[in-house]
Every structure is written in C-alpha cells, then in structure tokens.
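*Asks:* Here's a sequence, model it:
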Amino acid sequence: MVRPNTCPKNVNQHPGEILLQNKRKRHTAHQIQEDNNQAEHERQEKEAADQCTTKKIVSIEDKKALKDLKILLHAPKPRPQVRPFLKSKVSQLNIEDDDGIVEAAEMEDVEMEDVAAGNNDGDKDFHPR
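*Replies:* Just a heads-up that it's a prediction; the model follows:
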C-alpha cells in the first residue's frame, strides 16, 4: 500500500496542537494546595525580609537623630584664637578707649622715667669691654 505524500509545508506541523494550546491544564486538589502553600511561604519570607530592612533603617535614623540632638544640646564651644596686636595699635586703642586706661598707660610711662632717673652708678650695670 502506498502512503499519500505530505506537503513539504506540513511535515513538522501538528494539526491537533491548536486545540491543546487553548485547553486548560488540570491539577489535583493536592497539587493546588501545595502551590498555594508555596506562594504563602514565599510571601511570608518576603514580608519578614522587608520588616528586617525597615528595622535596620529605623535604627540608623534613630541613631542619627540622637546624634543631632546631642550636638544641639552640647554645642561645641568655639576655640579662642590669638589675634596679633601691634604695639602702635595697642597704644592707640588705650588712648582712644576710656580715661582709666589712658591713666594706666601714663603711669607706665612715669614708672619707666623713674627707673631711668634713679640712682645708677653705672659701674654695676654697665661694664665696658
């Protein structure tokens, strides 16, 4: 008996496959229960991971808030900085400020004059070479 030849186009085609594609796959009640349990387990794991991440973020934010509050309550004091004054500026400031400072500056000049006018023999303090 001679078999009919198939068209070259239909060699790899399966005519009943169109019906199988639209057909829904069936599962038993046990398989459905396992699938639901697996999905629930994955959801719980994801939720636990999210809560853990949230707790970590909250703890970091709390530490930062406490640190900021500590900085606000105990603000660091500014360090004093040395300001250089020239002698000419100091004398000008003393003269321009108030009278008490001017009198103190004048008394320093008087003391220096007294030392210069004192009894100096010259022999004790000054030795020529």
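*Asks:* list the helices and strands the top helix by length along the chain packs on?
*Replies:* Secondary structure of the chain per DSSP state H: the longest helix is helix 29-73. If you count contacts as 3 or more C-beta pairs under 8 Å, 6 or more residues apart in numbering; DSSP states H and E, helix 29-73 packs onto no helix or strand. (Each C-beta comes from the backbone N, C-alpha and C, glycine too.)
*Asks:* Please work out the average pLDDT along that helix.
*Replies:* Helix 29-73 carries an average pLDDT of 96.
*Asks:* same check, this time on stretch 4-21
*Replies:* 80.
*Asks:* For that stretch, measure first residue to last.
*Replies:* Taking C-alpha to C-alpha, to the nearest Å, the first and last residues of stretch 4-21 lie 28 Å apart.
*Asks:* again, but for stretch 22-37
*Replies:* 27 Å.
*Asks:* What residues sit buried inside it?
*Replies:* Residues of stretch 22-37 classed as buried: none (neighbour count, 16 or more other C-beta atoms under 10 Å).
*Asks:* how close does Arg26 get to Gly16?
*Replies:* 18 Å (C-beta to C-beta, to the nearest Å).
*Asks:* ok, now Arg43?
*Replies:* For Arg43 relative to Gly16 (C-beta to C-beta), the value is 39 Å.
*Asks:* Please identify which of those two sits among more neighbours.
*Replies:* Ranked by neighbour count (other C-beta atoms under 10 Å), Arg43 and Gly16 place Arg43 first, with 10 against 6.
*Asks:* can you tell me which residues contact the more buried one?
*Replies:* Residues in contact with Arg43 (C-beta atoms under 8 Å, 6 or more residues apart in numbering): none are found.
*Asks:* Next, count neighbours for Lys55.
*Replies:* 10.
*Asks:* try the one 3 residues further on
*Replies:* If you count neighbours by other C-beta under 10 Å, Val58 ends up with 10.
*Asks:* Then the one 4 residues further on?
*Replies:* Using other C-beta under 10 Å, Asp62 has 10 other residues around it.
*Asks:* again, but for Ala48
*Replies:* Neighbours of Ala48 (other C-beta under 10 Å): 10.
*Asks:* Lovely, talk soon.
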